[in-house]
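Chemist: sequence unavailable; structure follows:
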Ligand code: SF4
C-alpha cells in the first residue's frame with residue numbers, strides 16, 4: 001500500500017472543513033491550518049501524550065490556531081495509520097480501542113494457587129537453601145460465587161446493548177487452570193453474550209482432554225513461555241525442586257501438541273500462541289522460541305520486555321540486534337502462518353522507558369478496564385489486584401479495591417460510585433496502564449484549556465461535528481491570518 005501523503009491528506013481535510021465553516025465563502029486562500037497541522041502531526045508522533053497547552057507553547061501557537069490544526073488532522077483520512085508507523089504505535093492502539101470508540105476490558109483473576117514456582121513470581125519466596133515456596137492467593141477468603149458472576153454478565157449485557165465493545169480476559173490470580181469450574185463458567189457466560197475471551201496460562205495443567213476442552217471454549221489461549229530449553233525452563237520454574245514428571249518441559253510441549261490437535265479436530269478456531277518475555281538471560285531464545293511455536297503449529301508469538309527489570313546498555317544493544325534479526329526472519333516464508341509480534345515497549349525509545357515521576361489517579365482507570373479478583377474485589381490496576389505473597393492479601397485487596405461484588409454491591413453501581421483508593425506511582429504501572437493514564441490526563445487537561453473532545457486530533461468519529469469552540473476560533477482567526 002502506498003504511504004499516505006500527509007500534506008495532501010491535510011489539504012483535502014482543510015478543503016472540506018473550510019467549506020463547512022464558511023459555506024458561502026468559496027476557496028480559502030490561506031493554507032496556514034494545513035501548515036500548522038503538519039507541524040502538530042510531527043510533534044504528536046514524537047510525544048502523543050502531550051497536552052494541547054504545552055504543545056501550543058512549544059510551537060508558538062495560540063489556542064485558536066491549535067484548535068483549527070487539530071480539527072484539520074482529525075479530518076485527514078489515513079492519518080491515524082501514519083501515526084501508527086511511529087515508535088509509539090501502541091499508544092494509538094490504546095486511543096483507537098478505548099477513546100475513539102467505547103470499549104471495556106474485564107480481567108478475571110481466576111485461581112488461587114499454581115503448580116509452578118517461578119523465580120520472578122511476586123508470590124514465590126526463594127529461601128537461602130534455594131528451596132522455593134508459593135503463597136496461596138487470599139487463603140481462606142471466600143471466593144466469588146457463580147450467581148455473582150451471572151449478575152455481573154447480565155449488567156454487561158446492558159453495556160453491550162448501549163454500544164460498548166467488550167473483551168474478557170481470564171488470567172492468574174495465580175494459575176487460572178487450577179480452577180477450571182470458574183474458568184468454564186466465565187467462558188460460557190461470555191460466549192452467551194458474544195464477547196471474545198482470552199485465556200492466559202502457563203500451560204502446565206493443559207494435561208487432560210477435559211481441561212483442554214475447557215480451555216478451547218475461549219477464542220485465544222496465550223501460553224507464557226520464555227525459553228525452548230528444558231533445563232532453563234525447569235530452573236526458572238522450579239529451581240532446585242525436581243518437577244514432577246507431568247510438569248516437565250517435554251510434558252508442556254506434549255500438552256500444547258494435544259491442544260492444537262484437539263483444536264484442529266473440533267474446528268473451534270481458537271488462536272493459540274506464546275506470550276514471551278525477553279530478558280538479558282534469554283535473549284538467545286528469541287529465534288528458537290519462534291521455531292518451537294511454528295513446529296507446534298501455534299498461531300502467534302508475542303514478545304515483550306521485562307517491564308520491571310533493568311538492563312545495561314550492552315545487554316539492551318544485544319536484545320535489539322536479536323529483535324531486528326528475528327523481525328527480518330519472521331517475514332521469511334519459513335514462518336508463514338506464525339504471526340510474530342514485538343511490543344512497542346521492546347524499544348528503548350518507547351515512552352514506557354522515559355523516567356515518569358508522576359502518579360496515576362487509579363480510580364479514573366475504572367472507566368476503561370477492571371480486574372476482578374477471585375474474591376469479587378474490583379481493582380482498576382494490575383499492581384493492586386495481583387497477589388504479593390509477602391503482604392496480607394485481605395488488607396492489600398481492600399486497599400486497592402474500588403468495591404466488592406456480592407449481594408449488596410453490583411458491578412455497574414461500583415463503576416458509578418467507586419470507593420476512593422490511593423494514587424499509584426507511574427513507575428508501578430504496566431505500559432498499557434501508563435498509556436491509558438497519560439491519555440486520560442491529556443484529554444482532561446485539554447478540556448480544561450478549552451479544547452473539546454470533538455476537536456481532538458485522534459477522535460476521528462467526530463469528523464462531522466462542528467462545535468461552537470471551533471466556529472468561534474475560526475471567526476477570530478479568519479479576521480487575521482485567513
Ligand atoms: S506461573 Fe505465574 S503464578 Fe505461577 S509461579 Fe509462575 S509467575 Fe507465579
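Modeler: Sure, I can see it. Source: prediction; values computed, not measured. Residues are numbered from 1 along each chain as shown.

Chemist: close to the ligand: what parts of the stretch 151-300 of the chain are there?
Modeler: 172, 174, 175, 202 (CB under 6 Å from any ligand atom). Just so you know, the C-beta spots here come from the backbone N, C-alpha and C atoms, and that holds for glycine as well.

Chemist: how many neighbours does residue 328 have?
Modeler: By other CB atoms under 10 Å, 9 other residues sit near residue 328.

Chemist: and the host helix or strand of it, what's buried?
Modeler: Per DSSP states H and E: residue 328 is located in helix 313-330. Residues of helix 313-330 classed as buried by neighbour count (16 or more other CB atoms under 10 Å): 316, 319, 322, 323, 326, 330.

Chemist: buried sites along the next helix or strand after it?
Modeler: The helix or strand immediately downstream of helix 313-330 is strand 339-342, counting by DSSP H and E. Residues 340, 342 are the ones in strand 339-342 that count as buried (16+ other CB under 10 Å).

Chemist: can you tell if the lowest-mean-pLDDT helix or strand in the chain touches the ligand?
Modeler: When the helices and strands of the chain are scored by mean pLDDT, DSSP states H and E, helix 393-400 comes last with a mean of 77. No - Helix 393-400 is not in contact with the ligand by CB under 6 Å from any ligand atom; minimum separation 14.0 Å.

Chemist: so can I have TSV of the buried residues of helix 313-330 showing pLDDT?
Modeler: As requested, the buried residues of helix 313-330 are exported to TSV (pLDDT from 0 to 100):
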residue	pLDDT
316	88
319	92
322	94
323	92
326	94
330	91
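
Chemist: tell me the one of those residues nearest the ligand?
Modeler: Checking those against the ligand by CB to the nearest ligand atom gives residue 319 as the nearest, at 21.2 Å.

Chemist: tell me who's in contact with the closest one.
Modeler: 278, 280, 283, 305, 311, 346 (CB atoms under 8 Å, 6 or more residues apart in numbering).

Chemist: ok, now residue 114?
Modeler: Taking CB under 8 Å, 6+ apart, one finds 121, 123, 134, 172, 174, 175, 178, 202 in contact with residue 114.

Chemist: most neighbours of all those residues, which one?
Modeler: residue 174 (27 neighbours).

Chemist: confirm that that residue sits in a helix.
Modeler: No - applying DSSP: H, G, I helix; E, B strand; the rest coil, one finds residue 174 to be coil, outside a helix.

Chemist: what sits closest to it if chain neighbours are left out?
Modeler: For residue 174, ignoring the flanking residues on the chain, the nearest one in space by CB to CB, 6 or more residues apart in numbering is residue 114 at 3.9 Å.

Chemist: which of the three states applies to that neighbour?
Modeler: coil.

Chemist: where does the stretch 1-150 of the chain dip in pLDDT?
Modeler: For the stretch 1-150 of the chain, the stretches flagged by pLDDT under 70 are 1-3, 23-29.

Chemist: residues from it in reach of the ligand?
Modeler: 114, 116, 117, 118, 121, 123, 124.

Chemist: next, count neighbours for the third one.
Modeler: If I follow you right, that is residue 117. When neighbours are counted by other CB under 10 Å, residue 117 comes out with 21.

Chemist: try the last one
Modeler: By other CB under 10 Å, 19 other residues sit near residue 124.

Chemist: contacting residues for residue 77?
Modeler: Contacts of residue 77 by CB under 8 Å, 6+ apart are 9, 12, 13.

Chemist: element containing the first one, please.
Modeler: Taking DSSP H and E as the definition, one finds residue 9 inside helix 6-21.

Chemist: buried residues in the helix or strand following that helix?
Modeler: Using DSSP H and E, the next helix or strand after helix 6-21 towards the C-terminus is helix 32-46. Buried residues in helix 32-46, counting neighbours by 16+ other CB under 10 Å, are found at 32, 33, 34, 36, 37, 38, 40, 41, 44, 45.
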